[in-house]
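[1] Please find the sequence and the predicted model below.
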Amino acid sequence: MDFIGKKRFISCIFLILLVIIVSIITYNRVLLQIDLGPISDSVDYFTNALVFAGQGIGYSDLIRPPFFSFITSIFVRMGYVSINTIFAVDGGLFIFGVIGMFMLLKIRFNDLESFLGGLLYATFPIILVVLGLGFSDLGSVSFTIWSFYFMILAIKNDSRWFYIAFPFAMLTFLTRYNNILLIFPIFLYILMNKDRINIKNLCIGIGASFLMIIPLLLFYYEKFGNIIYPFLNFGSTSTMVSVSAENASYDSNIFFFLQNFTGLVGPSGITVLFILLSGALLILIIKIIQKNKFKNNLVERFNSLNRKNKIELIFLIILLTIFLESFSKTFYMFSELLFFVLAYLFYDLTKNLNIKNMDIHLLFLLWFLVFFIFHSIFVIKDYRYFVLMVPPVVYFMILGLSEISNRLKFMIKDYNITFPLITILLTMIILLSSASELSLIMESNNDDKVANHDMELASQWLVNYDLEYKNKNIYSDLWPNFSWYLKTNVKPVPVFKDNQVYYGGVKDKNFTQMDSKAYNKYLEANNAEYYLSVRKGLNLTSYKPIKEFGFIIIYKKI
């Protein structure tokens, strides 16, 4: 076996080992979710898949990004008409993304470093929480990873990879609409490598990506009479400037993700941070001991800057100050654009220093920051939004570990075993913490399991109670779930609280008589014949409770 063949064989071994470990974790997480049952969002994606497969039940939410549901619809057409299908598709796309993460890291790191990076990405607590839910989050991250992988190959190796890179970028957008923000790191990477771009192949790739969306636009025109209606809906939601603090997801804290960072990355991430901080401290001590040499290098580098570079440096500092001062005080897009300019200025300033892979470093940095800026400024927050930032976080963790292991070497027979030792330690922590996290997910979501069981019982009771229920107006607070269980279009009931209307949850779930009147008025105005309620304490004058299943109350119009 020649050297190249041996190298590829070793890469395959690491990748296969990674896939085996992640597949076992994914399999168990999907089984766990099957036991817990669906969440409203996963039902929405699945009912959309039924529509795409020509097997709709009357309910759908087609303003959601379509591609995740489209993939699921393929399996529905094959006969897998079960809500469990979407959990399995979610898991499959996740494994696809882990493979892509290994390949993406391999561009910069060796096999062992890429293996550890893939394992870290796959096992952060927030990843395990979201995995298998049947949401589009991890699927969108998977397509993002592959689109960046092909993008780098198109510039570093063969520009024909653009033919795949841009279609994958389009799939990323069609899986989760706020991935439109990825246009910033994509454009930055192209701009940094503009001298190496084949314009013809670049344009072909972009053209191919737009051809992909044409059938979808025609579908939207048929359904809504407007080819961009779902995109406009997303745009209006993402630019909301006024959200009530009563909204269950409201949190104006711009440090939300920083304050919860250790919980989001878990024991393995915390261990990496500890190693990085300890290693950086040791390196700093060494630099201080060599103070004169270090200081002279800095002075020499500054003096080597020409007049243009010095002006750029001053401008960079000014823009950075504006960015920090204006963060959260302006429209998020201003901060996005400002940091894009900062990133390119920094690259232009440092490119003569011949820092290896600086373009890739900045690509990952901007990948992280476009989502960090948006979700930090946007007042509707959820821990799961962090999954969009996990791949670049992992990249910089592996970069830090790699640099430290190269500087603080522990040698055995001329072989540096620092990184292998770190990998063994972290792999043990990862496997133990992952098993613990899966158990914790089961325990903390047991109420959801009970709730799904109650909804299923309530639905079956209504089916037997009223054989004509599909011809009746049925409303519910959990309309997606009941639509699935009843196989009909159950319509939504928003939350009425203190003369306000909320289309999500609220923090205070104690309802007054005024709130009850608002519910009653809404149901009457829409001629609701049944109301499947999860709101305790309502006093509805036009509806009487006829059956209860746990927290579910079935009301019938008097």
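    Nice, I can see it.
[2] Surely Y503 is in contact with P494?
    Yes: using CB atoms under 8 Å as the test, Y503 is close enough to P494 to be in contact (5.0 Å). Bear in mind the C-beta positions are built from the backbone N, C-alpha and C, glycine included.
[3] the more surrounded of the two?
    Neighbours were counted for Y503 and for P494 using other CB atoms under 10 Å; P494 has more, 14 against 9.
[4] quick one: buried residues of the one helix or strand P215 maps to?
    Taking DSSP states H and E as the definition, P215 sits inside helix 199-224. Neighbour counts over helix 199-224 (16 or more other CB atoms under 10 Å) mark 201-202, 204-206, 208-209, 213, 216, 220 as buried.
[5] Could you do stretch 71-79 as well?
    Those buried within stretch 71-79 under the rule 16+ other CB under 10 Å are 71-73, 75-76.
[6] Could you list the low-pLDDT ranges of this structure?
    1-4, 234-245, 248, 290-306 (pLDDT under 70).
[7] mind giving me the domain split of it?
    145-230, 447-557 (automatic domain parsing).
[8] buried sites along stretch 27-47?
    Neighbour-count burial for stretch 27-47, counted by 16+ other CB under 10 Å, picks out 28-33, 36-39, 41-47.
[9] circling back: just list what the helix holding P215 packs against, helices and strands only.
    helix 137-156, helix 162-175, helix 229-238 (3 or more CB pairs under 8 Å, 6 or more residues apart in numbering; DSSP states H and E).
[10] so how far is that helix from its chain's centroid?
    Relative to its chain's centre, helix 199-224 lies at 23 Å (CA atoms, centre = their mean, to the nearest Å).
[11] what angle separates it from helix 162-175?
    On the basis of axes from the mean of the first three to the mean of the last three CA atoms, to 10 degrees, helix 199-224 is oriented at 30 degrees to helix 162-175.
[12] Just want the angle from helix 199-224 to helix 137-156.
    Using the same axes, to 10 degrees: helix 199-224 against helix 137-156 is 160 degrees.
[13] quick one: S459 and I380, what's the gap?
    Distance of S459 to I380, computed by CB to CB, to the nearest Å: 30 Å.
[14] what does L273 give?
    In terms of CB to CB, L273 sits 28 Å off from I380.
[15] same question, Y80
    33 Å.
[16] closest to A343 out of the domains of the chain?
    domain 145-230 (5.7 Å; CB to CB).
[17] and which of the buried residues of helix 199-224 is nearest to M151?
    Of the buried residues of helix 199-224, the one sitting nearest to M151 (CB to CB) turns out to be G205, at 9.2 Å.
[18] which residues does the closest one contact?
    Under the criterion of CB atoms under 8 Å, 6 or more residues apart in numbering, the neighbours of G205 are 154, 162-167.
[19] Heading C-terminal from the helix or strand harbouring L365, find the next helix or strand.
    Assessed by DSSP H and E, L365 sits inside helix 358-377. Going down the chain from helix 358-377, the next helix or strand is helix 390-407, by DSSP H and E.
[20] Which parts of the chain are strands?
    Under the criterion DSSP state E, the chain carries strands at the ranges 411-412, 415-416, 474-476, 491-492, 495-497, 500-502, 530-533, 543-549, 552-557.
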